[in-house]
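Visitor: Predicted model, plus sequence, below.
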Amino acid sequence: MMKRLLPVLGLGLLSGCSAVKNQRLRGDYDTVDKHQVKRLVVVTQPLPDGKVAVGELWSLIARQWVNQNRDFLVKESAALPDVPTDATFKALCVEGLEGVLWLSPQIQLRGSGAEAAVSAKLVRCRDGEEVWAADAAGSWNTKDEDYAQRVSQYVQELGEEVAPYVVPSSKLLTAALDTLPNPELSEADKDEKIELGE
């Protein structure tokens, strides 16, 4: 009996492994940043696999996911080369933005799959302090029928080279961003969010 249970237990343990390796949230989030850090820019830096289009893909996936699944108002997204030299992201904190959602990616295609990892941080603009962070990693196939429409949408927008990156990037970013907290919006903020249209 025990011999028959071992493979089943092993499968259960493997499927229970989360892509999220760790996460942090400021202890004072509910009293401070929940009310003050709502309007964000998403930046992917450095470029995943050294490709501008793939960096734009990551920022776009993250922007859309956060706008659809959290109460943040993601106004802009960008993809930049090299490692950031200014950890406070002052150059990205233009007027009207309160925080930077920074994605530091790693992704490599391997056959019909990809190995991907991300270190994600939400940094507030006023002082460069970290509000939230998460690290996630995993391996996924580059094709998934459930993502076919999404793949063609991103290919149409960003070019054919992003096609094999859509599925693994989406799955990784969804896992990491699902640990983001929710800010508290005023009525005016809610109207502004509706106007974003994502």
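Guide: Everything's here; your move. Numbering: from 1, shown residues only.
Visitor: From here on, just use CA atoms for contacts and neighbour counts.
Guide: Noted.
Visitor: nearest spatial neighbour of residue 121, skipping sequence neighbours?
Guide: Leaving aside its chain neighbours, residue 121 sits nearest to residue 133 (4.2 Å; criterion: Cα to Cα, 6 or more residues apart in numbering).
Visitor: swap that for residue 124, please
Guide: Excluding its sequence neighbours, the residue lying closest to residue 124 (Cα to Cα, 6+ apart) is residue 99, at 4.2 Å.
Visitor: Where is the longest helix in this protein?
Guide: What stands out as the longest helix in the chain, according to DSSP state H, is helix 52-69.
Visitor: elements contacting it?
Guide: strand 39-44, strand 73-79, helix 148-158, helix 163-177 (3 or more Cα pairs under 8 Å, 6 or more residues apart in numbering; DSSP states H and E).
Visitor: Quickly run through the sheet partners of the shortest one, with directions.
Guide: Going back to what we said before, that points to strand 39-44. strand 73-79 (parallel), strand 99-110 (parallel) (DSSP bridges).
Visitor: what's the offset of it from the middle of its chain?
Guide: Taking the mean of its C-alpha atoms, strand 39-44 sits 10 Å from the chain's own mean (Cα atoms, centre = their mean, to the nearest Å).
Visitor: now the longest one
Guide: Its chain's average C-alpha position is 8 Å from that of helix 163-177, according to Cα atoms, centre = their mean.
Visitor: Over that helix, what's the mean pLDDT, rounded is fine.
Guide: Per-residue pLDDT over helix 163-177 has a mean of 97.
Visitor: how about the CA coordinates for that helix, as CSV?
Guide: Extracted C-alpha coordinates of helix 163-177, given in CSV (Å, rounded to 0.1, in the frame of the first residue of the first chain):
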residue,chain,number,x,y,z
ALA,A,163,5.4,34.8,-29.0
PRO,A,164,7.4,32.2,-27.0
TYR,A,165,7.8,34.5,-24.0
VAL,A,166,4.1,35.3,-23.4
VAL,A,167,3.0,32.2,-21.6
PRO,A,168,5.9,31.8,-19.1
SER,A,169,6.1,35.6,-18.5
SER,A,170,2.4,35.8,-17.8
LYS,A,171,2.4,32.8,-15.4
LEU,A,172,5.4,34.1,-13.5
LEU,A,173,4.2,37.7,-13.3
THR,A,174,0.7,36.6,-12.2
ALA,A,175,2.2,34.5,-9.4
ALA,A,176,4.4,37.4,-8.2
LEU,A,177,1.9,40.2,-8.5
